[in-house]
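**Student:** A predicted structure for the sequence below; I have some questions about it.
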Amino acid sequence: MRLLYLIKKEFLELFRQKELMPLIFIAPIIQVILLGYVVTTDVENIPVTIIDLAQNQSSSHIVRRICSTPLFNVKNIYNEPQNTLEILKKGDSKSIIIFRDSKKTKKFPEIQILMDGVNSNTSAIAAGYFNGIIKKYLVENLEKNGMEMPVEANTLIRFNPELESINFMGPGIVALMLTVLALFFTSVSIVREKEQQTMDTILISRLTPLEIYIGKALPFGVVGIINMLYGLALVILWFNIPIKGNLAYMFLASIIFLTALLSYALLISTLSATIQQALFFSWFSMMVFILLSGLFTPVANIPVGLKFLADINPVRYLIEIIREIFLKGNGIEYFYKDLLSLATISLVVLSISLLTFRRFISK
Amino acid sequence: MDSVIEVKNLCRKFGKFTAVNNINFNIKKGEILGFLGPNGAGKTTTIKMITGLLKISSGNVFIKGMDAVKERKKVKTITGYMSQKFSLYPTLTGLENITFFGGISGLSKAEILRKIEEIKTEIPESNLKMKIGDMPPGIKQQIALFVCLLNDPELIFLDEPTSGVDPENRRKFWEEIYRLKVRGKTLLVSTHNLDEAEYADRIIIIHKGDIILQGEPEYLKNSHNVKNIELLFKEAIENYDKT
């Protein structure tokens, strides 16, 4: 009963801060939409310059194909040699495709692709697209002459056949939303009581330390879950990413994740002397959590020396689990190891946080 | 009269700094003890140790014969504490603050409602419906004291309860403190408003963690041949600093 009064007070305090309401209810919408559209690894409209010195049937055919695909935006087509380095330096074109004249070079018509490698990811993907177009032309040409490719690899992409990056990012963004709000709101909850000097009155009341701890964590857990539902609805309805797996597993993983995150946030709040300190710690933690989560770059790419940080990062496991459920439709038998890792992290962080809180109140 | 609070060799260190240095005093039932001292003298630290809010480095506190550390739960049920700055939630209304503190003090819904009716006789309802952050200090102080008394404590600790309050409200506040004394409550009131010390049955002057003077205000003034507590306080501090 005493706990209910504390929970009610936390909600009242939260919702009385009118300036925070847009942050809770509108910012997540903006966050999902922006991240969904902006943080994309899809490659489209790559500015291309074509230098067709060959001007033969093959080059004309390939040029037509390049012009017709939305992947490339053909800026210029030249029939004379150009200073290719200067073109790339100016940045108007990120790639140049050169068709060399076989009669002049006495060689088989050579096709050369020059890429601006500043954005390595885009360059690699675009080079792959070029090679695909050229390969397709060659295959068709061979077939016309009654021949076929001696060996051909056939790629079949499962779970995200269109390779849409939003399908990969969307479920991860839901985990991100859960992290950001729960971390920031919870991390100021105890330190605010310290600054207001209301903590002493709470400690002298009949509330037990455990009740205070739960009363501080629970409301922000609820706000986090509401935000997650919000994010889920947006990802499913706005971006048309269907959820293939069982939503119940996602909630189970989210609750275990929230236990870790809220415990961590309360640890920050207990150790901080001011709200400013708590917010700085939260911001720093959030950056580390996100960078090592696999949301933007694969966890496998993280250097071995830093890998242990990713291994103890709860956000990483939640993102992996959500993606498995969302895109693969996997059941718990496929991600139980991630779930166990998440549960272990939660238990450890909860224990440390509770012990620290107990030590703080009996300092 | 029996001592309800006994402080024995109480000491609190923060690293190498000694905030409270081996102090001893008693408070008798129904007594108002004025706890005086400049900022940083150790007043709040002492109160926090007695109420169990701060760990004791060494020494003992006995409340009605109970060890305040070992029997903290029991001690909590008979003590009321009002900290500096009134310790109320600024975004909540007066009524919401009372309901919350009543709830966490273990009062039933009916008891909380009865308490609310009680305070409405002292503070107009329109004021009680204001957010604490928008209230004048006098009303905030009244509500803070009311909150401190919600579970009808026998021992009341008031840490600088009149700071930032105008003289008229300070006078009213001390009238309320006297009413509590008449009801048999024991009070420890810390203050740096030296004129208020005259209202106390007994005063303790604490400076740099040491008790430098204690006794009844009238007796101390006569024995030191000074007109008021302010001069007494000044003399005591100067003597201490010289030695």
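**Tutor:** Now that the structure is in, tell me what you want to look at.

**Student:** state the next helix or strand along the chain beyond the one helix or strand residue A:216 maps to.
**Tutor:** Residue A:216 belongs to helix A:209-237 when elements are defined using DSSP states H and E. Reading on from helix A:209-237 to the C-terminus, the next helix or strand found by DSSP H and E is helix A:247-271.

**Student:** give me the helices and strands touching that next one, please.
**Tutor:** Helices and strands touching helix A:247-271, as assessed by 3 or more CB pairs under 8 Å, 6 or more residues apart in numbering or on different chains; DSSP states H and E, comprise helix A:165-187, helix A:189-196, helix A:209-237, helix A:275-291, helix A:314-323, helix A:332-361. C-beta here means a position set from N, CA and C on the backbone, and glycine is covered the same way.

**Student:** against residue A:347, how distant is the closest residue to residue A:311 other than its chain neighbours?
**Tutor:** Once its chain neighbours are removed from consideration, residue A:311 has its nearest residue in residue A:341; the separation is 7.7 Å (CB to CB, 6 or more residues apart in numbering or on different chains). When distance is defined by CB to CB, to the nearest Å, residue A:341 is 11 Å away from residue A:347.

**Student:** those two: which is more packed in?
**Tutor:** More neighbours sit around residue A:341 than around the other of residue A:341 and residue A:347, counting by other CB atoms under 10 Å in any protein chain shown; the figures are 19 against 14.

**Student:** which residues touch the nearest residue to residue A:210 once chain neighbours are set aside?
**Tutor:** What sits nearest to residue A:210 in space, not counting adjacent residues and going by CB to CB, 6+ apart, is residue A:354, at 7.8 Å. Residues near residue A:354 by CB atoms under 8 Å, 6 or more residues apart in numbering or on different chains: A:210, A:213, A:263.

**Student:** next: residue A:239.
**Tutor:** Applying CB under 8 Å, 6+ apart, the residues near residue A:239 are A:36, A:166, A:170.

**Student:** which of the residues you listed sits closest to chain B?
**Tutor:** When these are compared for distance to chain B (CB to the nearest CB), residue A:36 comes out closest, at 34.2 Å.

**Student:** that closest one touches residue A:235, doesn't it?
**Tutor:** Yes. Counting by CB atoms under 8 Å, residue A:36 touches residue A:235, with 7.5 Å between them.

**Student:** who touches both of the two?
**Tutor:** Each of A:170, A:173 lies in contact with both residue A:36 and residue A:235 under the rule CB under 8 Å, 6+ apart.

**Student:** of the two, who's got more company?
**Tutor:** A side-by-side neighbour count of residue A:36 and residue A:235, using other CB under 10 Å, places residue A:235 first with 25 against 19.

**Student:** show me the contacts for the more buried one.
**Tutor:** Contact partners of residue A:235, counting by CB under 8 Å, 6+ apart, are A:32, A:36, A:170, A:171, A:173, A:174, A:241.

**Student:** could these go into JSON lines alongside pLDDT and distance to chain B?
**Tutor:** Converted to JSON lines, the contacts of residue A:235 look like this (pLDDT from 0 to 100; distance: CB to the nearest CB, whole Å):
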{"residue": "A:32", "pLDDT": "80", "distance to chain B": "29"}
{"residue": "A:36", "pLDDT": "78", "distance to chain B": "34"}
{"residue": "A:170", "pLDDT": "82", "distance to chain B": "36"}
{"residue": "A:171", "pLDDT": "84", "distance to chain B": "36"}
{"residue": "A:173", "pLDDT": "83", "distance to chain B": "31"}
{"residue": "A:174", "pLDDT": "84", "distance to chain B": "30"}
{"residue": "A:241", "pLDDT": "85", "distance to chain B": "39"}
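
**Student:** restricted to buried residues, select those in ChimeraX.
**Tutor:** What follows is the ChimeraX syntax selecting those of these that are buried according to 16 or more other CB atoms under 10 Å in any protein chain shown:
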select /A:32,36,170,171,173,174,241
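
**Student:** just the pLDDT for residue 221.
**Tutor:** This is for chain A. Per-residue pLDDT puts residue A:221 at 92.

**Student:** that's the wrong chain, I meant chain B
**Tutor:** Reported pLDDT for residue B:221: 90.

**Student:** then residue A:151?
**Tutor:** Reading off the per-residue confidence, residue A:151 sits at a pLDDT of 76.

**Student:** that one and residue A:162, how far apart?
**Tutor:** For residue A:151, the distance to residue A:162 - CB to CB - is 26 Å.

**Student:** what residue in chain B comes nearest to chain A?
**Tutor:** When CB to the nearest CB is the measure, chain B has its nearest residue to chain A at residue B:103, with 3.0 Å between them.

**Student:** part of a strand, is that residue?
**Tutor:** No. With DSSP: H, G, I helix; E, B strand; the rest coil as the criterion, residue B:103 is located in helix rather than a strand.

**Student:** isn't it up against residue A:7?
**Tutor:** No. Residue B:103 sits out of contact with residue A:7 when judged by CB under 8 Å, with a separation of 10.4 Å.

**Student:** so which residue is smack in the middle of chain B?
**Tutor:** residue B:158 (1.8 Å; CA atoms, centre = their mean).

**Student:** what helix or strand is residue A:96 located in?
**Tutor:** Residue A:96 is located in strand A:95-99, with elements delineated by DSSP H and E.

**Student:** packing partners of that strand?
**Tutor:** Helices and strands touching strand A:95-99, by 3+ CB pairs under 8 Å, 6+ apart, are strand A:46-52, helix A:57-68, helix A:84-90, strand A:111-115, helix A:120-144.

**Student:** of all the ones you listed, which one is nearest chain B?
**Tutor:** helix A:120-144 (46.8 Å).

**Student:** buried residues, stretch B:114-122. List them.
**Tutor:** If you call a residue buried by 16+ other CB under 10 Å, then stretch B:114-122 has these buried ones: B:115, B:116, B:119.

**Student:** ok, stretch B:48-65 next?
**Tutor:** By neighbour count on 16+ other CB under 10 Å, the buried set for stretch B:48-65 is B:48-54, B:56-57, B:59, B:61-64.

**Student:** of residue B:103 and residue A:7, who's got more company?
**Tutor:** In this comparison of residue B:103 against residue A:7, neighbours counted by other CB under 10 Å, the higher total goes to residue B:103 at 25 against 18.

**Student:** so how far is residue B:125 from that one?
**Tutor:** For residue B:103, the distance to residue B:125 (CB to CB) stands at 20 Å.

**Student:** swap in residue B:211?
**Tutor:** Counting by CB to CB, the separation of residue B:211 from residue B:125 is 45 Å.

**Student:** which of those two has more neighbours?
**Tutor:** A count of neighbours by other CB under 10 Å puts residue B:211 above the other of residue B:211 and residue B:125, at 22 against 11.

**Student:** wasn't that one part of a strand?
**Tutor:** Yes. Assessed by three-state DSSP, residue B:211 belongs to a strand.

**Student:** check the gap between it and residue B:22 for me.
**Tutor:** 9 Å.

**Student:** now residue A:77
**Tutor:** 93 Å.

**Student:** show me the shaky parts of chain B.
**Tutor:** In the predicted model, chain B carries pLDDT under 70 at residues B:1.

**Student:** off-centre distance for the lengthiest helix in it?
**Tutor:** Using DSSP state H to assign secondary structure, the helix with the most residues in chain B is helix B:167-182. Chain-centre distance of helix B:167-182: 13 Å, with CA atoms, centre = their mean, to the nearest Å.
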